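A.B. asks: Provide a 3D model corresponding to the input given below.
(one chain, ligands or ions: 1)
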Amino acid sequence: MSKTPAAAPLLRVRDLRRSYGDLHVLDGLDLDLASGEALALIGPNGAGKSTALRCIAGADEPTGGTVELDGAPLDERLPATRRDLAVVMDDLDFFPDLSVVEHLFLLARAHRVDDPESVVHAVLADVGLTDQAAQLPGTLSSGQRRRLALASAFVRPRRLLILDEPEQRLDAAGLAWLAERLNAEKADGLGILLVSHDAELVDAVADWILDLGEL
Ligand SMILES: Nc1ncnc2c1ncn2[C@@H]1O[C@H](COP(=O)(O)OP(=O)(O)OP(=O)(O)O)[C@@H](O)[C@H]1O
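C.D. replies: A predicted model of the protein is given here:
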């Protein structure tokens with residue numbers, strides 16, 4: 001279970017294990033991801049892709065193994081981890097009484113972004129939500145909520161982007177935009193760990209592919 005790029009890794013995962021009772025979902029996963037690269041985890045339903053992302057992102061407790069970000073344990077309680085790691089998972093949780101633009105300002109300010117005004121408006125335009133800026137999350141379409149979740153990652157500082165099926169509910173134009181945006185993130189030096197069932201997105205973005213169905 002391994003893949004190893006030449007450059008020093010931004011993210012290093014060793015012998016990651018996660019069991020639910022007798023079900024061994026992850027049985028010793030190793031991976032390295034360098035800055036400026038994208039690694040896609042693929043595989044059939046139930047292969048353990050989301051479990052791997054949750055364990056790596058600190059949203060689930062692995063049964064064993066280590067996860068390091070820049071050589072230090074990845075731990076959301078540490079300011080360095082929270083500064084560097086942006087995660088977009090399956091569950092889209094928003095404050096029901098904060099508008100789209102208010103969500104993004106909240107995140108940008110909490111992460112002490114320089115010039116939040118221009119960053120937030122640039123991201124709003126990039127994800128195609130400028131016209132929905134004043135709407136509450138409950139009034140957005142499902143694809144627009146997905147765009148808001150992605151905007152929430154793009155509005156904050158980040159060196160590692162972890163994305164679980166970011167293509168969900170995006171239309172054709174949204175999918176093309178997502179591939180372009182993720183490649184731009186790589187060009188900016190980000191590492192991207194991606195779970196996706198969209199072969200075109202994986203082809204367009206991933207430098208490395210790890211098939212959990214084959215492990
Ligand atoms: N909290 C849990 N309790 C028990 N079993 C779980 C739990 N979370 C996940 N599983 C099981 O672990 C296995 C892997 O689930 P996971 O969500 O990681 O798969 P996946 O590869 O992301 O699948 P999909 O392509 O359907 O999203 C499944 O068999 C699932 O039922």
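
A.B. asks: who does residue 163 bridge with?
C.D. replies: For residue 163, the beta-bridge partners under DSSP bridges are residue 88, residue 194.

A.B. asks: count of residues packed around it?
C.D. replies: 25 (other C-beta atoms under 10 Å). C-beta: built from backbone N, CA, C; applies to glycine.

A.B. asks: Tell me the gap between the top helix by length along the chain and the middle of its chain.
C.D. replies: The longest helix of the chain (DSSP state H) is helix 172-187. Put simply, helix 172-187 sits 13 Å off its chain's centre (C-alpha atoms, centre = their mean, to the nearest Å).

A.B. asks: Between its first and last residues, how far does stretch 60-74 reach?
C.D. replies: Stretch 60-74 has an end-to-end distance of 12 Å (C-alpha to C-alpha, to the nearest Å).

A.B. asks: what does stretch 66-73 give?
C.D. replies: One end of stretch 66-73 sits 7 Å from the other (C-alpha to C-alpha).

A.B. asks: List the contacts of it.
C.D. replies: The contact list for stretch 66-73 (C-beta atoms under 8 Å, 6 or more residues apart in numbering) reads 10-16, 55-56, 58, 74, 78, 80-81, 84-85, 159-160.

A.B. asks: Now find how far off-centre it is within its chain.
C.D. replies: Chain-centre distance of stretch 66-73: 17 Å, with C-alpha atoms, centre = their mean.

A.B. asks: elements contacting the helix or strand of the chain with the lowest mean pLDDT?
C.D. replies: Comparing helices and strands within the chain by mean pLDDT, DSSP states H and E singles out helix 79-84 as the least confident, with a mean of 85. Packing contacts for helix 79-84, counted by 3 or more C-beta pairs under 8 Å, 6 or more residues apart in numbering; DSSP states H and E, involve strand 64-69.

A.B. asks: what about 10 Å?
C.D. replies: When contacts are defined as 3 or more C-beta pairs under 10 Å, 6 or more residues apart in numbering; DSSP states H and E, helix 79-84 packs onto strand 64-69, strand 72-73, strand 160-164.

A.B. asks: ok, which stretches of the chain are strands?
C.D. replies: With strands called from DSSP state E, the chain shows them at 11-20, 23-33, 38-42, 64-69, 72-73, 85-88, 160-164, 191-195, 208-211.

A.B. asks: So for the ligand, which of the helices and strands packed on helix 79-84 sits nearest?
C.D. replies: The closest of those to the ligand is strand 160-164. By C-beta to the nearest ligand atom, the value is 7.5 Å.

A.B. asks: Can you name every helix or strand that the closest one contacts?
C.D. replies: Under the contact criterion of 3+ C-beta pairs under 10 Å, 6+ apart, strand 160-164 touches strand 38-42, helix 49-57, helix 79-84, strand 85-88, helix 142-154, helix 172-187, strand 191-195.

A.B. asks: So for the least confident helix or strand of the chain, what gets flagged as buried?
C.D. replies: If you call a residue buried by 16 or more other C-beta atoms under 10 Å, then helix 79-84 has these buried ones: 81-82, 84.

A.B. asks: got it, and stretch 167-186?
C.D. replies: Result for stretch 167-186 [16+ other C-beta under 10 Å]: buried residues 167, 170, 174-175, 177-179, 181-182, 185-186.

A.B. asks: filter those residues down to the ones close to the ligand.
C.D. replies: Among the buried residues of stretch 167-186, not one lies near the ligand by C-beta under 6 Å from any ligand atom.
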